[in-house]
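**Q** have a look; sequence and predicted model below, questions after that.
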Amino acid sequence: MDSDKQIKSIRNIGIIAHIDAGKTTLTERILFYTGKTHKIGEVHDGQATMDWMPEEQERGITITSAVTTCFWKGKEIHIIDTPGHVDFTIEVERSLRVLDGALGVFCAVGGVEPQSETVWHQADKYKVPKMAFINKMDRLGADFWRVVDDLKERLGVNPLILTIPLGSEDNFQGVFDVIKQKLIVWDESTEGRKFEELDIPEEHIEYVATAREQLLEALAESDDDLMEKFLADEDISEAEIHKVVRKACLTLAGVPIFCGSALKNKGVQPVLDGIGRYLPSPLDIPPVKGINPKTGEEEERKASIKSPLSALAFKVQMDQGRKMTYVRVYSGILFSGAEVWNATKEKKEKIARLLRMHAIKRERIKEAGAGQIVAVMGLKLAQTGDTLCDPEHPILLESIETYLPVISVAIEPKSTADQEKIELALAKLAEEDPTFKVKVDEETGQTIISGMGELHLEVLTHRLLREFKVPVRVGKPQVVYRETIQKQVEVTERFDREIGGSRQTAEVTLTVEPRQRGEGNLVVGELPEGILPEGYEEEILQTLSQGLESGVVQGYPMVDTKVTLKDVKFDEGLTTEIALKAAASMALRKASELAEPVLLEPMMQVEIMTPENFMGEIIGDLNARGGKVEQIEARGSIQVIRAIVPLSQMFGYSTALRSITQGRANFTMVFSHYDPVK
């Protein structure tokens, strides 16, 4: 088994970015240069190793996060290539939850785009140390320094620039290593496998020296020893600089920045060196914390094989009808064939097989130690966010947040004989993806599926046909609305009825009040001490929480509402749990009706990149859709329009935008917030 010393060599990293920034292309190069693959698979040919799903190969995008392991200069690197499309945000969220470090990829032309902001802030939320790679330096309009400014302004990054480009666009030749003060050029005939370190040409010496000076200046702020040497003009060794860059990266005080062109095989090896040098091993991050379910106390688990087992299931995937669960081991050892305790479900589970994954290919292993990411076969109950641990030393780790769907469609099988098959298939897809919800409309009997966007639902309906052989008819997309209230109301409701020959009564007083948008629901009890028998208050609060799942306007879930249970009249012998729950439901419904309920719709942040001559038509079209333009910014010859638009008005927008701009503009859309329907 890996000793604790070997855990130091592990790097668990995610590659995160906006769609089309080149994440998968970069991952393919990393696999090629580390010897994991013997041929570069290109995304545009549908041959990328990490994009193994037929859906991904056809569309040239990443849909599901794929896991692989490779080795570079004594480091064992576990890489998760995450999707860049907003519809698959949960894949990024659950990957970041179990990773120790992240590599953000940015397009040298597009800079920081909306989805790169979203994923970067997700990484900030989990306090994940990050590096950045500015890709596509060979593309028309590439501007390294503008993207660096973008990172500073839009993401609040303190940049530690470690490689800078020689030339750009067609003239991009290689990169300067700022620390070594060398020029690195790649040999095209070896697909970038071979490269040379050359002396810096005279005309560029000052350019590179200035970059080194700026790097040392940025580092001096985070390290007193380096500050003294820098101010005294003393020589600072490469090893010292690497050490301080690592420290700044691990403490989130700075972000090491590299540049290159993954497609043209330039600039990738310095990034691999950076992953090993600067990003954390499982030993560099704080020990994972969790709650002991027996005592309710917080405990921590050190990243050591000597600690009791603790692991988090972060992704479920159906593999030829069988369930495969991806697991991050935080402490201890996971053995093939062993019984583990699922602390979330409070049940024992058996590990049938352990697999080390390389995208869809796999290798059987006998055990996995702290710091490793593996796939497990045989877990029947485990779902995204469940904790697996040693039955003798139980611990419950923090689960994974999921997102609420914003769009839904009605689907039905093309033949009634397939009804049972479709129910089974949808249940399997819902188990894989926590943002995908299935329900049957009680009034119409239709099956409604909900997800994060049009593409999300389109991919899932295609998978029904491809993987489960169930052809379906799909209705028009519908927006998933929410409801909320606009004023504070106090209500008392009495339940008094004869049930099964005996009278049951209860009286409940509660208040409802609006919360700030985005704060979520809160249900609290403020009953006087000893007014109810033990356990009753929890039952009432649970009933109130469930009551918020269906509002009074059109039955959509309620959000941003606070419910306070104020008082209860309890008549000994007459008041029952059923009566209390009924009175609470009646009071909540009446209070919601009196508190000026309102329907909310999802508003989307839309960013459109267009040549200048189409600006008028685009803005006119956005206004017609009820959108509000917030900002217009010039990026070279391209104009960037940022607007907030109701999701209900954005169906089919890509076709409309193509026809307005002769196919020369593109757009991205991410969820922003909920607003009252106008």
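**A** Nice, I can see it. On a predicted model such as this, the values are computed, not experimentally measured, just so you know. Numbering: from 1, shown residues only.
**Q** can you map out the helices along the stretch 351-500 of the chain?
**A** Ranges of helices in the stretch 351-500 of the chain, per DSSP state H, counting those that start in this stretch, are 419-432, 454-468.
**Q** I'd like those helices as JSON lines, with mean neighbour count and distance to residue 567 appended.
**A** Quick note: C-beta positions are derived from backbone N, CA and C, even for glycine. Converted to JSON lines, the helices of the stretch 351-500 of the chain look like this (neighbours: other C-beta atoms under 10 Å; distance: least, C-beta to C-beta, whole Å):
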{"stretch": "helix 419-432", "mean neighbour count": "16", "distance to residue 567": "40"}
{"stretch": "helix 454-468", "mean neighbour count": "19", "distance to residue 567": "45"}
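**Q** low-confidence ranges, the stretch 101-250 of the chain, go.
**A** 114-115 (pLDDT under 70).
**Q** follow-up on the earlier one: worst average pLDDT in the helices of the stretch 351-500 of the chain?
**A** Here the lowest mean pLDDT among those goes to helix 454-468, at a mean of 78.
**Q** quick one, what contacts residue 600?
**A** Residue 600 sits next to 481, 482, 483, 484, 559, 674, 675, 676, 677 when contact means C-beta atoms under 8 Å, 6 or more residues apart in numbering.
**Q** pLDDT wise, what is the third one at?
**A** The reference is to residue 483. Per-residue pLDDT puts residue 483 at 95.
**Q** for it, which non-adjacent residue is closest in space?
**A** Spatial nearest neighbour of residue 483, excluding adjacent residues (C-beta to C-beta, 6 or more residues apart in numbering): residue 551 at 3.2 Å.
**Q** wait, residue 216 touches residue 226, no?
**A** Yes: here residue 216 reaches residue 226: they are 7.2 Å apart, a contact under C-beta atoms under 8 Å.
**Q** what do these two both touch?
**A** Residues touching both residue 216 and residue 226 by C-beta under 8 Å, 6+ apart: 236, 241.
**Q** what about residue 352, how many neighbours?
**A** Counted with other C-beta atoms under 10 Å, residues neighbouring residue 352 total 13.
**Q** in the stretch 51-200 of the chain, which spans are helices?
**A** Along the stretch 51-200 of the chain, the segments classed as helices by DSSP H, counting those that start in this stretch run 54-59, 89-98, 114-125, 144-155.
**Q** tell me what the third one is packed against?
**A** Going back to what we said before, that points to helix 114-125. strand 10-17, helix 89-98, strand 101-107, helix 144-155, strand 666-676 (3 or more C-beta pairs under 8 Å, 6 or more residues apart in numbering; DSSP states H and E).
**Q** counting contacts, what elements does the third one pack onto?
**A** In this case it means strand 101-107. In terms of contacts (3+ C-beta pairs under 8 Å, 6+ apart), strand 101-107 is packed against strand 10-17, helix 23-33, helix 114-125, strand 130-135, helix 144-155, helix 268-278.
**Q** how much distance is there from it to the middle of the chain?
**A** On the basis of C-alpha atoms, centre = their mean, to the nearest Å, strand 101-107 sits 14 Å off its chain's mean C-alpha point.
**Q** can you list the neighbours in contact with that strand?
**A** Defining contact as C-beta under 8 Å, 6+ apart, one finds that strand 101-107 is touched by 11-18, 20-23, 26, 96, 112-113, 116, 119-120, 123, 128-136, 139, 147, 150-151, 255, 271, 275, 279-280.
**Q** tabulate the helices and strands packed on helix 114-125 in TSV, adding columns for mean neighbour count.
**A** Output for the helices and strands packed on helix 114-125, formatted as TSV (neighbours: other C-beta atoms under 10 Å):
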stretch	mean neighbour count
strand 10-17	26
helix 89-98	24
strand 101-107	25
helix 144-155	17
strand 666-676	17
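**Q** make CSV from the ones you listed and add distance to residue 521 to it.
**A** Output for the helices and strands packed on helix 114-125, formatted as CSV (distance: least, C-beta to C-beta, whole Å):
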stretch, distance to residue 521
strand 10-17, 30
helix 89-98, 21
strand 101-107, 31
helix 144-155, 31
strand 666-676, 13
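**Q** re the thing from before, for the helices and strands packed on strand 101-107, which one sits closest to residue 354?
**A** strand 10-17 (16.3 Å; C-beta to C-beta).
**Q** what packs against the closest one?
**A** Packing partners of strand 10-17 (3+ C-beta pairs under 8 Å, 6+ apart): helix 23-33, strand 75-81, helix 89-98, strand 101-107, helix 114-125, helix 268-278.
**Q** could you redo the last one with a cut-off of 10 Å?
**A** Contact here means 3 or more C-beta pairs under 10 Å, 6 or more residues apart in numbering; DSSP states H and E; on that basis strand 10-17 packs against helix 23-33, strand 66-72, strand 75-81, helix 89-98, strand 101-107, helix 114-125, strand 130-135, helix 268-278.
**Q** so which of these is the most packed in?
**A** Highest mean neighbour count of the helices and strands packed on strand 10-17: strand 130-135, a mean of 27 (counted as mean count of other C-beta atoms under 10 Å).
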